[in-house]
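Visitor: Sequence first, then the predicted structure, then my questions.
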Amino acid sequence: MLKIELVSTFTNSKDVIDYLQRRGIVEISSHEEIENMSRLNTETNVSQLEKMRAKAENARELLGFYAPKKGSLIDSFRPPREISLKEYLDKETIVDKTLNICHLICELSKRINDERAEIIRLQTSNSSVSIWENLDVPMKTKPTRYTSLIIGTFPSFQSEASIKEKLSGIDASLEAYEVETVYQGEMISCVAVLCLKAQKAQMLEALRSFGFATPSEQYEVTAKEVISSNNEKIQKLNKDIEESEERIKGYAENTENIDFLIDYLSMKIDKYESLGKLSVTNNVFYLSGYIPEKHAEKTARVLEEKYSSAVSLTKPDEEEEVPVLLQNNDFASPVEGITEMYSLPGKHDIDPNAIMGFFYYVFFGMMFSDAGYGLLMVIATLAVLIKAKPEGQKRKNVLMYLYCGISTTFWGIMFGSFFGDLINIIRVNYLHLPEMRLYVWLNPQGDDLMTTMLFCFLFGIIHLFVGVGIKGYMQWKQGERFGALADTLSIYMAVGGVAPILAGMIIDVPAKITGVSKYIALAGVVLIVLTAGRESKGIGGKLGAGLYALYNTVSGYLSDILSYSRLLALGLVTGIIGSVVNMMGTLPQNMVVKTILFIIVFIFGHTVNFGINIIGAYVHTNRLQYVEFFSRFYEGGGNAFNPLKVNSKSFKFKEETNNG
């Protein structure tokens, strides 16, 4: 990575930034203020563009809902369409028109939401008014010269007789009134009371004394008329909603233009954010940043010749936090995302992906370890690679699962699992043949359980030793040669010497090997005690630190090596569940029933088993890299290289692949 500094005329600033964005290889960084130069304030522009993008994204989401575009799963892996700069400039001319269409789509959606809310309100009104349907006069009836009508509800079952009886008991002075029950239920009763106008207040007080309440909303028409009117409004609103939805669907032909608009605005936002990092005067501007070394000379030459710029390329200082750009081949690059989730390499780290990739694929395959599942992964990923030809991170993800699928197939063959014990199920139940040996190397589900576990521990020790070796290599490069040899050899000798002795507790290990191992382990222990505390002061301090390091080595490596038993555990789970699924499908005696049940159980059971255990293999493989492997040598803390580029999902410039 090189540091790039550029000075050019202010009138060229837009063209230079446009060129750098299309190339996507320069990270423009902030720098200290320069005397007699100022910074451009682009916050307002960025804020306005973000609002426009939010509007366009909302419109695109609405189109996806009302007029979904049909496409296969493979289509989602296809790279964006390639366009020339001329095509881009032509599409730029309709950006304002497309933005207006987005406004219209969003307004139509808002209208739909408002009308749906109104429908809910009217339906709620109908529900509350429906209990008054039998009332043949308006709920809000004007009093006559001598009478008044009171309507309301009781929170319990009430009959006309019970209401009259209670009224007579409460106020005997009430006279000349009539009660009609409009609706009766266990939780509510609706009544209409006709009384003398002069006794209305007196009647209300008596009624309220045993739970009477007047409706909060009353109408000057009958309840039936209210419901009828509401239904007409609902019908009209539903028609308006249908028309608005059809209008939105009519804008589906603009989907591609809206996708372009979203990407166009994203590019503008990135561009203005980068412009805010420039130092400018009325005549010139200055930018600084970082560029990969392989692109530096060619890019500098174009900037100088085409844009009359002065470009300086220098190596960053040791103290600078230089952004990290990982560069690996097709075997290692798929696991870069795994490393990035943990942390990018720091300035003193090496890129671990080439080494980690091998162990990642091996361990994933051992945990998933079913040849049938592995073949499904290989077929699916190859289909995506051949048909969709994905690029960038999508291609890396597909490649990662391709290699994991190959490893899964290999270990499935080694351990004898193909959709569980499908081969023997078919031989015994349908071909009436005896069972055959399915495994090529070991049978973890049978007599080789403990042997398989020991091999898992062996692979774990190799994994840990590689991490220790990388640490020693890094120490050697930094000039700590004695520390590199002492720290590395002591671990190799102590752990490597103890391993055969512990293995002898489970399997037969030749006495000559265990005899030699004792002395190797003892030498490793002595080396740890004598050298681990070399930086402490005094003999007592060095010895104490050495003993403490020995304790950490014994306890730490013992627990770490035991962690690799998950290689066996998850592999067993995958195979055993697969075999149980097959067994369940062959329980019936009738051959027709057995076949039908077997097909159903096979598809459902193995789908669930595949889904659960592929997640388990992914999670625990990551854990072995993060906790056991990286802890030996990896510090991390690097910042990702984030160049100004075309962050587009719908298109890419031809210039990105074939320009200078």
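Guide: Yep, it's here.
Visitor: what does the average pLDDT come to for stretch 127-144?
Guide: In this model, stretch 127-144 has a mean pLDDT of 90.
Visitor: Next: stretch 383-402.
Guide: 96.
Visitor: List the contacts of it.
Guide: Stretch 383-402 is contacted from outside by 74-75, 77-79, 330, 333-337, 377-378, 380-382, using C-beta atoms under 8 Å, 6 or more residues apart in numbering. Where C-beta positions appear, they are placed from N, C-alpha and C, glycine not excepted.
Visitor: for that stretch, which positions count as buried?
Guide: Of the residues in stretch 383-402, 384, 388, 390, 395-402 count as buried by neighbour count, 16 or more other C-beta atoms under 10 Å.
Visitor: which two in these are spaced the farthest apart?
Guide: Ala388 and Met400 (15.6 Å; C-beta to C-beta).
Visitor: Can you get me a residue count around the closest residue to Leu433 other than its chain neighbours?
Guide: Nearest non-adjacent residue to Leu433, counting by C-beta to C-beta, 6 or more residues apart in numbering: Arg427, 4.3 Å away. Residues within reach of Arg427, counting by other C-beta atoms under 10 Å, total 15.
Visitor: Mind giving me the packing neighbours of whichever strand or helix holds Arg427?
Guide: Take DSSP states H and E as the rule and Arg427 turns out to sit in helix 422-429. Other elements packing on helix 422-429 under the criterion 3 or more C-beta pairs under 8 Å, 6 or more residues apart in numbering; DSSP states H and E are helix 565-585.
Visitor: Which other helices and strands does the helix it packs on contact?
Guide: Going by 3+ C-beta pairs under 8 Å, 6+ apart, helix 565-585 lies up against helix 353-368, helix 392-415, helix 422-429, helix 449-477, helix 591-623.
Visitor: Any chance of JSON lines for these, columns distance to Gly575?
Guide: Below are the helices and strands packed on helix 565-585 laid out as JSON lines (distance: least, C-beta to C-beta, whole Å):
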{"stretch": "helix 353-368", "distance to Gly575": "10"}
{"stretch": "helix 392-415", "distance to Gly575": "7"}
{"stretch": "helix 422-429", "distance to Gly575": "11"}
{"stretch": "helix 449-477", "distance to Gly575": "11"}
{"stretch": "helix 591-623", "distance to Gly575": "10"}
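Visitor: of those helices, which approaches Lys51 most closely?
Guide: Nearest to Lys51, of the helices and strands packed on helix 565-585 and by C-beta to C-beta, is helix 392-415 at 28.4 Å.
Visitor: Only C-alpha atoms, please: export the closest one in PDB.
Guide: C-alpha atoms of helix 392-415 as PDB (Å, rounded to 0.1, in the frame of the first residue of the first chain):
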ATOM      1  CA  GLY A 392     -16.800 -10.000  -5.700                       C
ATOM      2  CA  GLN A 393     -17.900 -11.200  -2.200                       C
ATOM      3  CA  LYS A 394     -20.800 -13.300  -3.700                       C
ATOM      4  CA  ARG A 395     -18.200 -15.300  -5.700                       C
ATOM      5  CA  LYS A 396     -16.100 -15.800  -2.600                       C
ATOM      6  CA  ASN A 397     -19.000 -17.000  -0.500                       C
ATOM      7  CA  VAL A 398     -20.000 -19.500  -3.200                       C
ATOM      8  CA  LEU A 399     -16.400 -20.700  -3.500                       C
ATOM      9  CA  MET A 400     -16.100 -21.200   0.200                       C
ATOM     10  CA  TYR A 401     -19.200 -23.500   0.300                       C
ATOM     11  CA  LEU A 402     -17.900 -25.300  -2.800                       C
ATOM     12  CA  TYR A 403     -14.600 -26.200  -1.000                       C
ATOM     13  CA  CYS A 404     -16.500 -27.000   2.200                       C
ATOM     14  CA  GLY A 405     -18.800 -29.300   0.100                       C
ATOM     15  CA  ILE A 406     -15.800 -31.000  -1.400                       C
ATOM     16  CA  SER A 407     -14.300 -31.500   2.000                       C
ATOM     17  CA  THR A 408     -17.600 -32.700   3.400                       C
ATOM     18  CA  THR A 409     -17.900 -35.300   0.600                       C
ATOM     19  CA  PHE A 410     -14.400 -36.500   1.200                       C
ATOM     20  CA  TRP A 411     -14.900 -37.000   5.000                       C
ATOM     21  CA  GLY A 412     -18.300 -38.600   4.400                       C
ATOM     22  CA  ILE A 413     -16.600 -41.200   2.200                       C
ATOM     23  CA  MET A 414     -13.900 -41.700   4.800                       C
ATOM     24  CA  PHE A 415     -16.400 -42.100   7.600                       C
END
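Visitor: centre of the chain versus that helix, how much separation?
Guide: Distance, stretch centre to chain centre, for helix 392-415: 21 Å (C-alpha atoms, centre = their mean, to the nearest Å).
Visitor: If I take that helix and helix 565-585, what angle do their directions form?
Guide: 70 degrees (axes from the mean of the first three to the mean of the last three C-alpha atoms, to 10 degrees).
Visitor: And Ala532, how close does it get to Ala545?
Guide: Distance, Ala532 to Ala545, by C-beta to C-beta, to the nearest Å: 6 Å.
Visitor: still on that earlier bit, could you list the residues in contact with the helix holding Arg427?
Guide: Taking C-beta under 8 Å, 6+ apart as the rule, helix 422-429 contacts 372, 433-436, 438, 578, 582-583, 585-586, 594, 602.
Visitor: and the residues you listed, which are buried?
Guide: Buried by 16+ other C-beta under 10 Å: 372, 438, 578, 582, 585-586, 594, 602, out of those.
Visitor: sorry, back to before: what about Ala532 and Ala545, which has more around it?
Guide: Ala532 (23 against 18).
Visitor: thought that one was touching Gly483?
Guide: No. Counting by C-beta atoms under 8 Å, Ala532 does not reach Gly483; the two are 9.8 Å apart.
Visitor: rewinding a little: out of the contacts of stretch 383-402, which is most surrounded?
Guide: If you rank the contacts of stretch 383-402 by neighbour count (other C-beta under 10 Å), Val335 sits at the top with 27 neighbours.
Visitor: Now that one: closest residue in space that isn't a chain neighbour?
Guide: In this structure, Val335 finds its nearest non-sequential neighbour in Gly357, 4.6 Å apart by C-beta to C-beta, 6+ apart.
Visitor: isn't Phe285 right next to Ser13, touching?
Guide: Yes. If you go by C-beta under 8 Å, Phe285 and Ser13 touch, sitting 4.8 Å apart.
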